[in-house]
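Peer 1: I'd like to go over a predicted model; first the sequence, then the structure.
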Amino acid sequence: EAGVAQSPRYKIIEKRQSVAFWCNPISGHATLYWYQQILGQGPKLLIQFQNNGVVDDSQLPKDRFSAERLKGVDSTLKIQPAKLEDSAVYLCASSLDGDRGRRNTEAFFGQGTRLTVV
Amino acid sequence: AQSVTQLGSHVSVSEGALVLLRCNYSSSVPPYLFWYVQYPNQGLQLLLKYTSAATLVKGINGFEAEFKKSETSFHLTKPSAHMSDAAEYFCAVSTPDTGRRALTFGSGTRLQVQP
C-alpha cells in the first residue's frame, strides 16, 4: 500500500513570498489533516478535511494560510505572504474514517515538507 | 479541551536498559491515546494506540503502554533499549466521541541510547 505522498520535501523562500505544498493521501482515505511542526515542538493541527469538506480549521491563520482538497483526494496548502515564523515542517496525514462507525482508525503521516523562510 | 504533557524533553538510557517515557493527558471525555515515533527528517509512525479496550497496549518494536485513568497517564515502556530506538517520541490524544478525531500532540521526548 502506498503511503501519504508530499512534495516538495524542502523549500526555502524569502519572507513575503508565497509557497504551496501538495499532499496525496492514501487511496480511499476520507479524512486528511495538515499539521505544522515547529522545531522542538509537537505537531499542531492546521486544518482537517473529511472528503472535500472542512471539518476543523480553527487553528489555521486564515489571513495568510489557505487549503483546499479538490474532489476529496489531493490537497494543497498555501501560504501567502510567508513570515519568518512560518519556518516549520508541514505534515500531511490521512485516515480511513469517514463516518461515525470508523472512529478509531489511525492517521498515517507523510514525510513532510520542511519550509525555511529567510 | 484536550491536552497532553510529556515529562522530560530529553531522556538518555544505556543500551539494554529500561526505557520509560512519560505522558499525562487531560480530557473531559474518554480519550483515545497514541504514541508516535519520529526519526530524523521523517514523518510520524504509529507505535501503539489505546482505544478504550485493554488498558495494557502492546505496539511495534517491543514497546508497550498502560492506560491508567486514575493517574491520567499513558507512559511508554520498553524492557531493553536498542540503539535503533534513538528518536523523538510523541504522545497524542483524540476524543472521537466528541467528533474530534484530530490528534493533539505533546511536545515530544527525544530518546538517546548510549552504547
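Peer 2: Received the coordinates, thanks. Residues are numbered from 1 along each chain as shown, chains lettered A, B, ... in the order given.

Peer 1: Local confidence estimate at residue 61?
Peer 2: The chain I'm using is chain A. Note on A:Pro61: pLDDT of 95.

Peer 1: that answer is for a different chain, and I need it for chain B
Peer 2: The per-residue pLDDT reported for B:Asn61 equals 93.

Peer 1: Now do the contacts for it.
Peer 2: With contact taken as C-beta atoms under 8 Å, 6 or more residues apart in numbering or on different chains, B:Asn61 is in contact with B:47, B:78, B:85. In this view, the C-beta of every residue, glycine as well, is placed from N, C-alpha and C.

Peer 1: run the last query once more with 10 Å
Peer 2: For B:Asn61, the contacting residues are B:37, B:45, B:47-48, B:78, B:82, B:84-85, by C-beta atoms under 10 Å, 6 or more residues apart in numbering or on different chains.

Peer 1: got it, and A:Val73?
Peer 2: Neighbouring residues of A:Val73 by C-beta under 10 Å, 6+ apart: A:23-25, A:27-29, A:32, A:51-52, A:94.

Peer 1: what stretches of chain A score poorly on pLDDT?
Peer 2: For chain A, applying pLDDT under 70 flags the ranges A:1, A:98-105.

Peer 1: Please check the contacts of A:Val73 and keep the buried ones.
Peer 2: A:23-25, A:29, A:32, A:94 (16 or more other C-beta atoms under 10 Å in any protein chain shown).

Peer 1: How many residues are close by residue 113?
Peer 2: I went with chain A, as the question did not name one. 22 (other C-beta atoms under 10 Å in any protein chain shown).

Peer 1: right idea, wrong chain: chain B
Peer 2: Neighbour count of B:Val113, defined by other C-beta under 10 Å: 19.

Peer 1: swap in B:Glu15?
Peer 2: 13.

Peer 1: Surely A:Arg64 is in contact with A:Val117?
Peer 2: No - using C-beta atoms under 10 Å, A:Arg64 is not in contact with A:Val117, being 11.4 Å away.
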